[in-house]
Structures are given as structure tokens and as C-alpha cells.
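K.L.:
okay, sequence plus prediction incoming.
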Amino acid sequence: MVRINFKRVSTVAVAIALGMLAHGRAIAQSGISDTEIRIGMWTPLSGPLSLLGTSTRDAVKIWSDDINARGGIHGRKIKFIAYDDAGSPQEAQAAVRRLLTQDDVFMLLGGSVSGSTLPVRQVIDRAKVPFLASISSNINLMQPFSRYLFRIYANEISLSEHLVEWAVKDMKSKKPAIIYTSNDYGIGGYNAIRDFMRKSYGIDFVAAERYNPNDQDFSAQLLRIRSAGADSILVFSFAAEAGIIVRQAKELGINVPLFGGAATATPLFQRAAGDAARGFVAVYPLPELTETSTAPAVLAYRKELEKLYPGGMPAGRPSEYDFLAYTAAKTVGQALERAGRTLDREKLVQELEATRKFDTGLTFPISYTAESHEATGRASIIQVGDDLHWKMIQSSAN
Amino acid sequence: MDLFWQILVSGGMLGSLYALVGLGFVLIYRSTRVVNFSQGEMLMLGAILALYFYQDLKLPYGLAFVGSCVTVGLLGAFLERVAFRPLQRAPVITLILATVAVGQMIRSAVRIVRGSEVSHFPPLFPTTPFTVGGVTLTALTVGTVILSIFLVGALVLFIRYTRIGRGMEAAAQNRDAATLSGVSINQTFLLTWAVSSALAAAAGILIAPLIVITPDMGIIGLKGFIGAILGGFLTIPGAIAGCFLLGIIENLAGYYISGAMKDVVSFGLLLLILIACPQGLFGRQEARRA
Amino acid sequence: MLELNGVRSSYGRIQVLHDVSLSVPEGKIVCLLGANGAGKTTTVRTIVGLHRSTKNDIKFLGKPIGATAPHKIVTLGIAMVPERRDVFPDMTVADNLTMGAYSVKNRSQVREDMERVHNLFPVLAERKSAYAGTLSGGQQQMVAIGRALMSRPKLLLLDEPTLGLAPLLVRQIFEALKRLHSEGITILLIDQNARQALALADYAYVLENGRVVIEGDSGFLHSNPDVRRAYLGAI
């Protein structure tokens, strides 16, 4: 005979139920009130990746200030809450938990670098809080498909496919090599490029060299690439490291064409690489160069950003993360407009999915469907000219 | 075979830079028993100041170099006076934490002033590669190695042959006996911090054209620390040898094993060496102290 | 020459010296006796400023020196040989000796004094390029004494110079002290070997728990029954 202490069991059951309720309550609140919509962000505002985060935060701030100055959306003002994760996955987790439970945000915008976004993906999905990502291009952010996750620009696979097409098809590289950093960005990029190259062109890398974040000497990896007789090198790193790699490659007498992933397509790259930057080709997620474009939308944004920094624009700004986050915010804005006064998270998702060719002039046009939350597959190819400025050499049509 | 030499040369070059930073660690440790973890930030500051003097103030390179070393040296002396001397009687762990705190403060201050700006120190010597016996070199790398060996040599001579240097050495070996011989311990410590900081600054300026200047570039300073431990933290020649060895091991491991395994292999080796001979490869038994 | 007048000294809250008064007249050898922990070492460390006293009425040649920075003491003409053969282990014997002349600007004087030290301890001349840390205990003690002499002191303080040395070496060291004394150096000596110390000294003090309990001519102390019982091993 098994004797069950019903009193104890029921106490436990009630406790569990209460716990679930409390848990559910904590993350399933509406995120809105009659007068405000809370939008949350975790992003690197300090540390080596702070350019990405500050750009993203500033863009959303410019947008929300503008919305609020005009009285909000359907009578609700935007309350924008941004936390610094310093690019660390641990801090990202803490920040997201806080945004979801304590701050009870309606949605999340921007996000952090891949390494600090992938670990919180599931938490966000489970909480059913919409998240429109504007920094991470990692493919795994959208896989498996989640109804609540959206991305504002081409993912790393689309981006790398453009780069591989340029290197292998247009530049006719037969023996490409790759050097990449051992984090989510580098490893994800490497896997995607390798698979695409095999499938589409039947080519393998003659050397695939990995290094650790914070490494500052790459001669061993570059020598291996040199020994393998590579005729082009893909550099899948952040801009500062890519700058050192490119310089050290030249100093070791490696004179093959060098290509870089989207993270290298920033003016920081030339500042890190110096003269060795000349001729470097990178894939770029925008149709306009942030530095030199004179498109009206770009000029208008730059003017708004200058107001945030009356003492002078920080180096590297506006960056493409400015444009991506601003477009992301506006994409949310137009969806909220359409959603109307009666609002909940499901409705926002529906309206985001109804976005078709929404064009801010800063990025490629944004389209979502119920099946695809990737805004676009388009990208550009840019190159460092003799004057050490990026030049647009190909802007993709599809 | 050529490649083997190439790896040795690249590794040795790296090692010479590690040695510059490593010596700063050793100097301070020997006299105060403190591992100064702000050494990397001094390195970073040296590079940034030199860049500022050279590029923004348009000073000649030599002047920018010396100016930066002197400024950082003075900062080191200032920190000794206001932050570390008051803690002299505190447990060593407190002092080490204080150095970590100072380092973080410098790093944050630089980040506030410069943001996440990345810059590149224009190379002093041409970077066009040339080959000698199958080894690819550039005037920049050769010049950098020569300069850093020159600086390390100058430091060794300074300690060996100048009165102040002898005093520093004596105070490091035996504080009481040095005092009784007429060496002022306070002055010596001040000087030790100044010299170590200036040395770190010099290392930063020399490394800068080879890497990039960011608030985090000081991380490379840690390699100097590890190299110095490898060589036995207490003697200057040992530390120099350890740093060269570390640079070479890193590159050998990076080439023959894997780039991603470079740190695993070199740190693993460090562990093995420390287990096998806790005094480091070239270290002597730690001197008995009164 | 050296006067201590009611010197008090403590480590933290524990007072180690209570009113120690003693004097070392010029040209004499004075010795300080006492058990371990009686305060002998603290007394000499207080004299040279390595230990800060709470009451530091110390005069040297009539001038107060209690507030002098420790590294300045040597320039006044006081040199100390610390206990436990305190050398610079990673310096050569020659460098150790040169360090002793750190405050001496005159190069020819340094050369002269080096000669004198080599004369006193010929073995140091033979081993001048050896690292001091590799020498035997007796040789290290010679290095420490030699280093102290390099500053041409008027007063030499020695803290247990023969502790743990073989009898032959002890004799050698004492011979050297006798010679230095005959050359006009005043000596304050701490020694465990009271019999030997009293044989050499003119005057002696006995410390107990940080106080002077007995003082007198060495002859008097040698015959004092208390001293005999406590320090000379007699019954």
C-alpha cells in the first residue's frame, strides 16, 4: 500500500500552480498602458563593441523622441529602456530577464551581437515578446522559425553568398582560404560560406584558419594560408582584428585579394588597417554608404544624430547600425500605426508580417510574411579605394 | 625549413615586445612583491599618447616617443605616491586588487575620452616585405625588434651600471640591507613604478604600428606577464628569455598544431613548466628575505 | 658617542622596549646581552631607524637622530650589520661591497676601502665575482661586515654576527672586530655567545623584557652571579 500524504501533495501542487501563475504573470503582462508602449533593448554600450550598441540605441532614441514629440502612436508614447550588456552573454541574459520581468516591455528592438543574442533567443520566444533584431546576422537567430523574432537585414548566409559570388564567380578565385574568429559570428559565418561554396561551386577552402578573440598576432595562421597557396583570403572577423590581419598578411608578403564579411565593412577597418586597407573588398548590408552617401534620408538622419552630439559626432558615426536600427524602429512604427488603438503583441506580429517593401531610404526595403521574418536578402559589395574610403562597386538587385 | 625559420623569426619578434612589458612586471614585483596588473593599461596609454603627440600635435616621432614615455612614467610615479604607497603595509592581495582597479579606471577613462575609436599608428619604417634566406621580413618588424632589444638592453645597463639602478636592484634584493647602505626605499619604489610604466609605454608605442590602438590593446601586456613567469619571475635575464620563448612557442603551436589551439598549447606548456619547475625555466630559488 | 635615553618601541600594540637607556662611549666595544626576545635586535633596529620608536630620544655625537630617515643614518657614520648575514644574494661579492659605499661619492676612497676589506677578509678578494647568495654562512657574514665598513663608519652595530657559525669562523670574525676596534671604530655588539662577547667588550648591558636590568664593566658582569647563571652557563 502506498500511502500518499494528500495534504502535502496538494500543498506542493498549489505552490507549483502559484509559481507558474507568478511566472506567467511576470512575463505575460501587456507591456503597454493607455499612455505608453515600453520598448526594451540590451546592447553593447561599453567595451570594444560599443560602437554597435551606441549606434543602435541612438537610432531608436531619435525615432522614439520624434514619435513622442508628435504625441505618440494612437495616443501612446514610447518609453524606451536600454541596458548595457558590454557584449557579454551573461550580462545580456540578465538584461533581457530584467526587461521581460521587471520592466515588462511590449517588445524588444535592436539586440546585441550574435554571441549575446543567441543565448536569449529561447527566453524571448517563450515569453512571446516580439523582437526585431538589427545587429545580429547569425542564421541561428531565426532557426528554428519563431513567430516572435524578426530581422532587419540580410542574414550572414545571404551576405556571405554575395561575398562568395563576388570572390569565386566575379574574381574567379580557385583556391580561396578563410581566417575567422572563434565565436558565434566567425564560426557561423565560416560554416555557412563553406557549405554554400561546396554546393554552388564545388570548391573547398584550401585553408581554414581560426583564431581566438583578443588575439593580436596572426602570423601563424597567415603562414599556414601562405603555405597552402591560397589565391584569395576571406577575413571573417570584426573590423579591428581584420585590420591587423590585413596588415600582417601584407607584411608576410601575401599579396592575394582579401575579402571581408559584413563586420569589416566599416570605416573602423581602414583606421585599423592603415594603408594596407587599399583594395580590400567587403560585403555590405546597405544600399548607401554611411560615410559618403548624399541620399536625402541619410542626410536627414545625420542631422538628427548631430543634435544628440552637439560637441561633435563620435568617430565612425553614423554607422550602418544607426541605419539598421533606425529602419527597424520605423518598421515597428508603421506596424503600430496600422495596428490601431487596441493593441497587443499578437497584433503587432500580424502587422509586422503585413509589411511589404517598406523603404526608409537607409536600408534595402523591408518585407515580411507569415513564413519569412527575414526582411531582405539583398546586399552590396564595397571596396576600399586609393583614398582609403569605401566605394560602392556593386549593389545587388535582388 | 625556411618556414621553420620564418616562424622562429615571427615568434622572436613577438617575444621581444612581450619582453618589454614583461620586464615592467618583474621590476615592480621584485621590489614590492606586487604584480602590477595596470601594466597593460600603461602600455595602451603610452600608445595613445604617442599617437596624439605625433599625429595631432605633429611632434617629431622621437619627441612623441620620449614625451609619451615620460608622461606615463610620471603617471606611474603619481599612482605609486597616491594609491600604492598608502597601501604599503596592506596585504599584497589588496595591492594587486588596487592595480587591477587602477587599470580599469584608466581603461574606462580612455573609453570615455576616445569612445570605441580604433586607430592605427602609422609605421615608422616601410612595410614592404623583403626576403632574406626564405624569411619574409619588413623594415618595420626588423626596426621594431631592434628598438625593443635596444630598450631592454638600455634598461639592463641602467640597472647594472648607474648608481640609481644599483639602488633599485639592491632594494629589490634586500630592503633592509639597501636602506642601511643609504638607499631610500620610498624614492626607489617611486622610481621603480616610473621606470616600469615608462617601459610599458615604450612597449605600447612599439607594438602600436603592428596591431591596432584600442582601449583594450593592453591585453597583450598579459603575455609579457606570462612570459616573465615562464622565465622565472625574479630575474631580468630569465624574464627576457621567457618572453622570447613564449612568442616562439605561440607561433610554433599556431602553425604546427592550429591557430585556435595556440593559447591552449602555450598555456598548457606554461602549466607543465610550472609544475615541473616552480621557479620557472631560468629562475633561481627565491632569495631569502629579512 | 651614542646615547639612548629612555627609548620606547612597540610592534603594533605590543610594547617591546620600555625605557631603554644606554650609552656607547667613543672608542669602546659595548655589548648587549639578553635572551631571545629581550629586545636586543629591536634596540639596534631602532637606533638605525629601521624600526620607528614611540619615544626616540637617541643622540649620536651629541645630535638627536631619532627622526632621521633610515637611509640617511649611514651618512652620519653609523653602519649596521643586520642579523642573519643579510647580503644581496643576487649580486656579486664585489657589488655587495660597492653597495655599502652607496653614499660615498669619492671613487678613490671606495677603492681604498675595498682594499681594506679584502685585507681584513682575504677570502672576499678570492671570491669577489661569486654571487653572495652562493657563499657559505661565514663568508656571507664577512660580506655583510665588509659592506658595513665600506661607508667608513665611526660606529658599527653588529647583530649576532657569529650566530650559527663554526668555532673557527667565530674566532676569525672576533679577530676582525678586534682589529677594527684597534683602528678606532666604536662597536656595539649583540652576541649570543656572552662569554666571548664579554671577553671582547669593555662594557655590557643585559636586556630583559625590553628593559636594561644589569649593566657594568665586562669584568664586573663576568663575575656577577646572575649573569653567570643566566648567560654564561655556570651554576
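P.N.:
Thanks, I have the structure now. All of these numbers come straight from a predicted model, not from anything done at the bench. Residues are numbered from 1 along each chain as shown, chains lettered A, B, ... in the order given.

K.L.:
and for A:Ala295, nearest residue in space, chain neighbours not counted?
P.N.:
Among residues not flanking A:Ala295 along the chain, A:Glu288 sits closest, at 5.1 Å (Cβ to Cβ, 6 or more residues apart in numbering or on different chains). Backbone N, C-alpha and C define where each C-beta goes, glycine included.

K.L.:
pLDDT score assigned to the one you found?
P.N.:
pLDDT for A:Glu288: 87.

K.L.:
doesn't it lie inside a helix?
P.N.:
No: assigned with DSSP: H, G, I helix; E, B strand; the rest coil, A:Glu288 falls outside any helix and is coil.

K.L.:
identify the residues contacting the residue nearest to the spatial centre of chain A.
P.N.:
When Cα atoms, centre = their mean is applied to chain A, the residue found nearest the centroid is A:Ile135 (1.7 Å). A:Ile135 makes contact with A:43, A:52, A:56, A:110-114, A:117, A:321, A:324-325 under the criterion Cβ atoms under 8 Å, 6 or more residues apart in numbering or on different chains.

K.L.:
let's go with 10 Å and repeat that
P.N.:
A:43-44, A:49, A:52-53, A:55-56, A:110-114, A:116-117, A:141, A:151-153, A:320-321, A:324-325, A:328 (Cβ atoms under 10 Å, 6 or more residues apart in numbering or on different chains).

K.L.:
which of those residues fall in strands?
P.N.:
Residues of these located in strands (DSSP state E): A:43, A:110, A:151.

K.L.:
okay, buried residues for stretch B:248-267 please.
P.N.:
For stretch B:248-267, the neighbour count (16 or more other Cβ atoms under 10 Å in any protein chain shown) marks B:248-255, B:258-260, B:262-263, B:265-266 as buried.

K.L.:
cool, stretch C:177-188 as well?
P.N.:
Applying 16+ other Cβ under 10 Å to stretch C:177-188 flags C:177, C:180-181, C:185-188 as buried.

K.L.:
farthest-apart pair in these, please.
P.N.:
C:Leu180 and C:Leu188 (12.4 Å; Cβ to Cβ).

K.L.:
from the buried residues of stretch B:248-267, which land in helices?
P.N.:
Among these, the members falling in helices are B:248-255, B:262-263, B:265-266 (criterion: DSSP state H).

K.L.:
chain A: which of those residues is nearest?
P.N.:
Using Cβ to the nearest Cβ, B:Gly254 is the member of these that lies nearest chain A, at 2.5 Å.

K.L.:
and stretch B:140-147, average pLDDT?
P.N.:
Rounded to a whole number, the mean pLDDT of stretch B:140-147 is 88.

K.L.:
just to revisit the earlier point, distance check, the residue nearest to A:Ala295 against chain C.
P.N.:
Here the criterion is Cβ to the nearest Cβ, to the nearest Å. By it, A:Glu288 lies 65 Å from chain C.

K.L.:
could you find the closest non-adjacent residue to the closest residue to chain B within chain A?
P.N.:
For chain A and chain B, the shortest gap (Cβ to the nearest Cβ) falls at A:Ala220, measuring 2.5 Å. Excluding its sequence neighbours, the residue lying closest to A:Ala220 (Cβ to Cβ, 6+ apart) is B:Gly254, at 2.5 Å.

K.L.:
my read is that the one you found contacts B:Lys262, right?
P.N.:
Yes: with contact defined as Cβ atoms under 10 Å, B:Gly254 reaches B:Lys262; the gap is 4.1 Å.

K.L.:
contacts only, for A:Thr360.
P.N.:
Taking Cβ under 10 Å, 6+ apart as the test, what A:Thr360 contacts is A:297, A:300-301, A:323-324, A:326-331, A:334, A:366.

K.L.:
return the per-residue confidence for it.
P.N.:
94.

K.L.:
chain neighbours aside, what residue packs nearest to it?
P.N.:
Take A:Thr360 and drop its neighbours on the chain: the residue closest to it by Cβ to Cβ, 6+ apart is A:Thr327, 4.6 Å away.

K.L.:
I'd like the distance between the one you found and A:Asp231.
P.N.:
Per Cβ to Cβ, to the nearest Å, A:Thr327 is found 37 Å from A:Asp231.

K.L.:
likewise for B:Gly143?
P.N.:
B:Gly143 is 31 Å from A:Asp231, by Cβ to Cβ.

K.L.:
close to chain B, is stretch A:171-182?
P.N.:
Yes: Stretch A:171-182 is in contact with chain B by Cβ under 10 Å from any Cβ of the partner chain, via A:179-182.

K.L.:
who in the stretch 101-250 of chain B is up against chain C?
P.N.:
Checking the stretch 101-250 of chain B against chain C by Cβ under 10 Å from any Cβ, the hits are B:160, B:163, B:166-167, B:169-188, B:234-236.

K.L.:
go ahead and build a PyMOL selection from the buried members of those.
P.N.:
Selection of the buried residues among those in PyMOL, burial being defined by 16+ other Cβ under 10 Å:
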select buried, chain B and resi 166+167+169+170+171+172+173+174+175+176+177+178+179+180+181+182+183+184+185+188+234+235+236
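
K.L.:
now, the residues of the stretch 101-250 of chain B next to chain C that are in helices?
P.N.:
For those, membership in helices holds for B:160, B:163, B:166-167, B:169-173, B:175-180, B:185-188, B:236, with DSSP H as the criterion.

K.L.:
returning to that earlier point: which one of the buried residues of stretch C:177-188 sits closest to A:Ala379?
P.N.:
For the buried residues of stretch C:177-188, the nearest to A:Ala379 is C:Leu188 (87.0 Å; Cβ to Cβ).

K.L.:
Three-state assignment for the closest one, please.
P.N.:
strand.

K.L.:
return the set of residues that bridge with it.
P.N.:
For C:Leu188, the beta-bridge partners under DSSP bridges are C:Val30, C:Leu157.

K.L.:
that one and C:Leu177 touch, don't they?
P.N.:
No: judged on Cβ under 10 Å, C:Leu188 makes no contact with C:Leu177 at a distance of 11.2 Å.

K.L.:
with neighbour count and pLDDT added, can I get the contacts of A:Thr360 in CSV?
P.N.:
What follows is these, written out as CSV (neighbours: other Cβ atoms under 10 Å in any protein chain shown; pLDDT from 0 to 100):
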residue, neighbour count, pLDDT
A:Ala297, 17, 94
A:Ala300, 13, 95
A:Tyr301, 23, 96
A:Phe323, 28, 96
A:Leu324, 28, 96
A:Tyr326, 27, 97
A:Thr327, 29, 97
A:Ala328, 29, 97
A:Ala329, 27, 97
A:Lys330, 20, 97
A:Thr331, 24, 97
A:Gln334, 17, 97
A:Ile366, 25, 96
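
K.L.:
filter the contacts of A:Ile135 down to the buried ones.
P.N.:
By 16+ other Cβ under 10 Å, the contacts of A:Ile135 give A:43-44, A:49, A:52-53, A:55-56, A:110-114, A:116-117, A:141, A:151-153, A:320-321, A:324-325, A:328 as buried.

K.L.:
in helices, which of the residues you listed fall?
P.N.:
Using DSSP H, these in helices are A:52-53, A:55-56, A:320-321, A:324-325, A:328.

K.L.:
the strands in chain B, which residues?
P.N.:
So, for chain B - with DSSP E - the strands run B:129-132, B:135-138.

K.L.:
right, I'll call it a day here.
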